[in-house]
Structures are given as structure tokens and as C-alpha cells.
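J.: got a predicted model here, sequence first, then my questions.
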Amino acid sequence: MYNQNSETGNSKLHIMSLSKLKWSFILVFFFKYSYLPLAAQYGTFSPEDHNLSTFKDTISHWIPRSASFVKFGIDNLIELHFEPLRGKRVAVVCHTASRTRHQKETIRVLLESKEIIVVKAIIVSYDSLVSFGRGNTLDHGIPCTIVHSPSTLSSADFVGSEAVIVDLLDIGIHPSPSIGYLLTILNACAEISIPVYILDRPNPFDGLTIDGPIADMNPEIPIPYLHGMTIGELALMLNEEGLLSHNSLRSTALRCSLFVVKMRRWRRSMTWEDIGIPWSTPYLRIPTLSALRGMALLERIEKLDIVSVGIGTNFPYQLIGAPDFDEQLIKHLRQFLYLYGISSDRIEFVPEIGTFAGRLCRGLKLSFPSDLAMNYHSVGNLILIELVKFYAPLKTHLSKKKYHCSLLKGNQTMLVFPPEKYLLQIARENENFLKRRHRYLLYP
């Protein structure tokens, strides 16, 4: 009896082990072939297939924000074993923030790859130090050019390559240097018929927030101050809407052979914190996400140069104050910010640069919750209106000096008619932009 029960028990144990192995195999198969989209044809994107929807876009809705496993374009390219570019001679355009989700520099990944041949690297430098190589070559002996302005790039920089790889982080604010570089690269490559591959990256705000007027500082790129698009989506819009330079022989705009290596499992509702990857930026003035959000909120006030926003301190774009800020103004401003979900604390600080360099300033230190959904440009204008009401130096300054709309789009307008009318004008412009951008969106 004992032996029979023991034998039966062993039999049950054996069946249970087989069952566990079967379910383990099913789970591994699902995770590998369904949960992780590996089809190479869905890893890249060209204008001809912009309406293509894939299973990975559907399954991304199942993934919790805390476990998003978002992969950048460079991560996607690595998993595809560089299939779209295998065996090609490529030029690479990147900067210090161009990294994989595991924080390995994109340029090093490409140099170490055996599937492609890097013939030249162009390192974009805004205001940060570049440490990829020595002199005019990288550590691997590859020619390297460090550029500080889009105007220094031309088609000659890409001659000799069969494709150009672009991996640039865009901060989500327009105008920005990365968009200027993007337009220049597309123009240069269109002139000499070299395809461009954009390694896509998230918009650090999210993919939904659209706010601010169509920027007229750079009329070549008619998009709002906050556009809610990735750099890959922006490239498609520039290329498809005839925003590249016009051919010297024809009146039509140039058009680049353009491909976007998409991200995986990024959704438009995601902020950078939802991605779960450390913030890396090529801008010294934007060392943190709070600084980036503060820039979107306070940049117009900064350009007036009457109130300090923390430039020259350890908290750029996270402070607001001046030597003559009184207690009543600080209290009112704090209450006003609280209405929009921005918490603040009283602070004294001494900027190292700017109008108040070396002087003690009194004001507030701002804190932005990661899940704060806010139209930063519009709220920033409302803050400016409050400052004009309660801070006499700013009101006097605005009444004496006229500002070009490209610097402070709407400030002059707000002095002409009520701000509510100005904000309504912004809303109309944004509504038209939403219709334009819809066909270029790559992610749900």
C-alpha cells in the first residue's frame, strides 16, 4: 500500500513537473515573440507606412507605467542587429545625451558594432563638454567633427557615407538647437541623396501637451512652443510638409529619403519619469527634469532680465526672485503658483551670473510633481501678468521697451488687448496644429 501510494505520488510529481515545464515554455514563448516585438519590418518606419499599426502598439496598453520597459531607437536598432544598415558606411550625428537605456553612449555602441562601418562622427555640442575622443579623431581613429551651430554643417560633411544615423535628444520646447540641427541634416542629405535614419527618443514632457503660439523665431519650422512630438515625428513633418529648402533648379522643396527607427512601448501619456531611465541632457542649464519644466514655465520671464529665475545657481529655472521682492509679493506669488499644482518654498539665493550676480535675492524655489499636467507656456504668461501687477520694476520696464514677438511671443500683444484674448488665439493655433501633426504620430 505504501509503495503504491509512493508510486502514485511520484507519478503525480512527474506530471506536475511536466505541467510546470509546459507552462514555463508557453510563458517564455509569449514573452519572447509577443511581448517583445522582434519583427524587423516594424522596427523602422518610413513615410510610406506611417499608418501601419502593429501588435506591439496594442500590447503596450497592458504594461503598467512603473514597468514600461521603454526602449529607445538605438536599443531597437541593437536588437535588430543593425539590420536596416548592415554592411553600410555610415556617418553618425549625436551628442553627450545620446545613450542606450542602459546609459551606454550611442557612438560607442555603433563603433563597436561589426555590422556597420562608421566612417565619420559629428558630435553636437550645445554648452557641455565633449569627451568622446582626442583632437579630430575618436578613440577608434574615426574622423570626428565637433559642431556648435547648425550653420556649420553642410552636405560636404556627409559625402562618402551611404547613410546618416541621427540620435539627438529633443527637449520638447521650440525653438531648440536639436530641431535646427535636424532640419540642416535633412536638407544636406536631400541634396546629395543620402538616406537618413533617425533613432527616435521620447518627448520628455509627454506626447500630449501642446501649448504656446506657433513660434516665429524660426519660421522655417511652424510648430508650437510645446509640440508634444518625438524627434522622429518632427523629422517626418519637416520632410513631408515641404519645409526643407527648395531645389535651385525647381521651385519644389527638397525631400529626404527618411527612416525612423521607432521606440518600443512608449505611449504619449508617459512623462520621462514613467520611462524609468535617468535623465541625461546635453544642456548645462537643464541638469534636471525640474529645470526643464521650469524653463518651459519661466523662459519668457528670464528673457526680460528683470527677475532672476535661478540661472547661475544650483537650481536653474527653479527659482524666481529679485533683491527687492517683498513679503507681500512672495506670498501672493506662492498662492498663485499653488493654484496650478506648483509647490514652492521661500528662499534666498545669490546668482553667480546675470543682472543680479553676487547680489542676495529673495523669492521662491519651485517644485514640479512628475505627474503634473499643465500648459506651461500659458501658465507662465499668467505668472508674468501677476508680476506686472505687483512688481513695479517689471511693469515700468515693459512700458518703456518693445520686445520682438519671437522672444516673448504675446507679451507685447498682452499690453494691447486682454490676456484672455491672447490665450484664445493660442488655442486656435494649437487646434490647427493638432490636425497637421496627426498623420505623423507614430505612437498611441
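T.: Arrived safely. Numbers count the residues shown, from 1 in each chain.
J.: quick one: the strands in the stretch 101-250 of the chain, in order.
T.: In the stretch 101-250 of the chain, the strands defined using DSSP state E, counting those that start in this stretch lie at 117-124, 133-134, 137-138, 144-147, 163-167, 196-199, 211-214, 224-226.
J.: CSV for those, including mean pLDDT and mean neighbour count?
T.: Yep, even glycine has a C-beta here, placed from its N, CA and C like the rest. Putting the strands of the stretch 101-250 of the chain into CSV (pLDDT from 0 to 100; neighbours: other CB atoms under 10 Å) gives the following:
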stretch, mean pLDDT, mean neighbour count
strand 117-124, 95, 21
strand 133-134, 44, 14
strand 137-138, 67, 16
strand 144-147, 91, 17
strand 163-167, 98, 26
strand 196-199, 98, 26
strand 211-214, 87, 22
strand 224-226, 93, 24
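J.: nearest to residue 262, of those?
T.: strand 196-199 (9.4 Å; CB to CB).
J.: so where is the chain shaky, pLDDT-wise?
T.: Applying pLDDT under 70 to the chain flags residues 1-68, 127-137, 139-140, 215-219, 247-250, 400-421.
J.: what do you get if the cut-off is 50, keeping everything else the same?
T.: Confidence mapping of the chain against pLDDT under 50 gives the ranges 1-43, 45-67, 128-130, 133-135, 403-417.
J.: can you give me the end-to-end span of stretch 228-246?
T.: 27 Å (CA to CA, to the nearest Å).
J.: list the buried ones in it?
T.: Using 16 or more other CB atoms under 10 Å as the test for burial, stretch 228-246 gives 228-240, 243-244.
J.: so which of these would you say is closest to residue 152?
T.: residue 244 (18.4 Å).
J.: quick one: the strands of the stretch 101-250 of the chain as TSV, columns for distance to residue 426 too.
T.: Conversion of the strands of the stretch 101-250 of the chain to TSV gives the following (distance: least, CB to CB, whole Å):
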stretch	distance to residue 426
strand 117-124	30
strand 133-134	44
strand 137-138	45
strand 144-147	34
strand 163-167	30
strand 196-199	29
strand 211-214	5
strand 224-226	8
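J.: which one of these lies closest to residue 333?
T.: Comparing those by CB to CB, strand 211-214 comes nearest, at 20.8 Å.
J.: so which strand or helix has residue 341?
T.: Here residue 341 is covered by no helix or strand, with elements defined by DSSP states H and E.
J.: tell me how far the residue lying closest to residue 429 once chain neighbours are set aside lies from residue 428.
T.: Using CB to CB, 6 or more residues apart in numbering and skipping the chain neighbours, the partner closest in space to residue 429 is residue 214 (5.2 Å). According to CB to CB, to the nearest Å, residue 214 and residue 428 sit 10 Å apart.
J.: which residues touch residue 122?
T.: 91, 92, 93, 94, 144, 145, 146, 147, 153, 157 (CB atoms under 8 Å, 6 or more residues apart in numbering).
J.: can I assume residue 90 sits in a strand?
T.: Yes: assessed by DSSP: H, G, I helix; E, B strand; the rest coil, residue 90 belongs to a strand.
J.: in its sheet, what does the strand or helix carrying residue 260 sit against?
T.: Using DSSP H and E, residue 260 sits in strand 258-261. In the sheet, strand 258-261 lines up against strand 44-45 (antiparallel), strand 196-199 (parallel) (DSSP bridges).
J.: which stretches of this protein form helices?
T.: 2-30, 55-59, 73-79, 106-112, 177-191, 231-240, 272-275, 289-304, 327-338, 376-390, 392-400, 411-416, 419-437 (DSSP state H).
J.: what's the closest of those helices to residue 281?
T.: Nearest of the helices of the chain (CB to CB): helix 289-304, 7.7 Å.
J.: output that closest one as CSV, nothing but the C-alphas.
T.: Extracted in CSV, the C-alpha atoms of helix 289-304 (Å, rounded to 0.1, in the frame of the first residue of the first chain):
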residue,chain,number,x,y,z
LEU,A,289,13.7,67.5,-15.3
SER,A,290,12.6,70.1,-12.8
ALA,A,291,14.9,72.6,-14.6
LEU,A,292,13.3,71.6,-17.9
ARG,A,293,9.8,72.2,-16.7
GLY,A,294,10.9,75.4,-15.1
MET,A,295,12.4,76.5,-18.4
ALA,A,296,9.0,75.9,-20.2
LEU,A,297,7.3,78.0,-17.5
LEU,A,298,9.8,80.8,-16.9
GLU,A,299,11.8,81.3,-20.1
ARG,A,300,9.8,84.3,-21.2
ILE,A,301,10.3,85.9,-17.8
GLU,A,302,14.0,85.1,-17.9
LYS,A,303,14.4,87.0,-21.3
LEU,A,304,13.1,90.2,-19.7
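J.: okay, now the closest residue to residue 359 other than its chain neighbours: neighbour count?
T.: Among residues not flanking residue 359 along the chain, residue 323 sits closest, at 5.2 Å (CB to CB, 6+ apart). A count of nearby residues for residue 323, using other CB atoms under 10 Å, gives 13.
J.: so what's residue 323 up against?
T.: Residue 323 neighbours (CB under 8 Å, 6+ apart): 356, 359, 360, 361, 362.
J.: buried ones only from these, please, as a ChimeraX command.
T.: This is how ChimeraX selects the buried members of the contacts of residue 323, with burial counted by 16+ other CB under 10 Å:
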select :356,361,362
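J.: so which of the contacts of residue 323 sit within strands?
T.: Using DSSP state E, 361, 362 are the members of the contacts of residue 323 that sit in strands.
J.: let's have the contacts of residue 323 in TSV, adding distance to residue 424.
T.: TSV is the format used below for the contacts of residue 323 (distance: CB to CB, whole Å):
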residue	distance to residue 424
356	35
359	39
360	41
361	35
362	35
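J.: from the contacts of residue 323, pick the one nearest residue 290.
T.: After measuring these against residue 290 - CB to CB - the closest member comes out as residue 361, at 18.6 Å.
J.: how many residues are close by residue 332?
T.: 16.
J.: ugh, typo on my part, it should be residue 331
T.: So residue 331, with other CB under 10 Å, has 12 neighbours.
J.: skipping adjacent residues, who's closest to residue 168 in space?
T.: residue 178 (4.6 Å).
J.: then residue 280?
T.: residue 97 (4.5 Å).
J.: so that neighbour sits right up against residue 278, yeah?
T.: No: judged on CB atoms under 8 Å, residue 97 makes no contact with residue 278 at a distance of 10.7 Å.
J.: cheers, nothing more for now.
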